[in-house]
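*Asks:* no FASTA, just this:
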């Protein structure tokens, strides 16, 4: 393990849980920059190479703790989307009546979480990419199927409803591509059903 990375890992292990998340994010940025310096290729290839390295760390954890996969659980649409939606719905009955108590496409997020929970590492980059593409497609399909209903409810053109839902689907896709990498210490990371990857960094 590079000396700089070893120093950062040691620092991460000494901080408490909440700062640890921030610390790991800093570490991921620093190591990705270092990796990019060593590999003079396109940003996409650097991203794939770095994520494959993260997948290898997760694979080490899964190999070392094969019985530590926790039962499946989901927070719906991660990043506070479902939680924030439910909070507003409870606080504002009018919002709940119009928009429901949870995102109407939340089932897309639950299916997405099933792939993320287990976090397969063989061909992991492509599997995660496919899961993220399916999430976007699921939300877009919801919009296509429900646009007439929402257009009537909100006095909009169906095309306008579809357009805005597609924007939301695209933002969700970008968010999971950026924040869903394995070994990030975030609760919605790829492989979140397994222990954190700190043991993999030590080896």
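*Replies:* Perfect, I can see it now. On a predicted model such as this, the values are computed, not experimentally measured, just so you know.

*Asks:* Tell me the pLDDT of the residue nearest the centre of the chain.
*Replies:* For the chain, the residue nearest the mean C-alpha position is residue 180 (2.9 Å; C-alpha atoms, centre = their mean). For residue 180, the pLDDT comes out at 95.

*Asks:* That one reaches residue 127, doesn't it?
*Replies:* No: contact criterion C-beta atoms under 8 Å: residue 180 and residue 127 do not qualify, at 11.7 Å. To be clear about C-beta, it is placed using only N, CA and C from the backbone, and glycine gets the same treatment.

*Asks:* which parts of whichever strand or helix holds residue 109 are buried?
*Replies:* Using DSSP states H and E, residue 109 sits within helix 106-118. Judged by neighbour count using 16 or more other C-beta atoms under 10 Å, the buried positions of helix 106-118 are 106, 108-109, 112-113, 115-118.

*Asks:* which helices and strands does it pack with?
*Replies:* Packing partners of helix 106-118 (3 or more C-beta pairs under 8 Å, 6 or more residues apart in numbering; DSSP states H and E): helix 81-91, helix 124-154.

*Asks:* Out of those, which gets nearest to residue 68?
*Replies:* The closest of the helices and strands packed on helix 106-118 to residue 68 is helix 124-154. By C-beta to C-beta, the value is 18.0 Å.

*Asks:* by contact count, what packs against that closest one?
*Replies:* By 3+ C-beta pairs under 8 Å, 6+ apart, helix 124-154 packs against helix 43-64, helix 106-118, helix 158-179.
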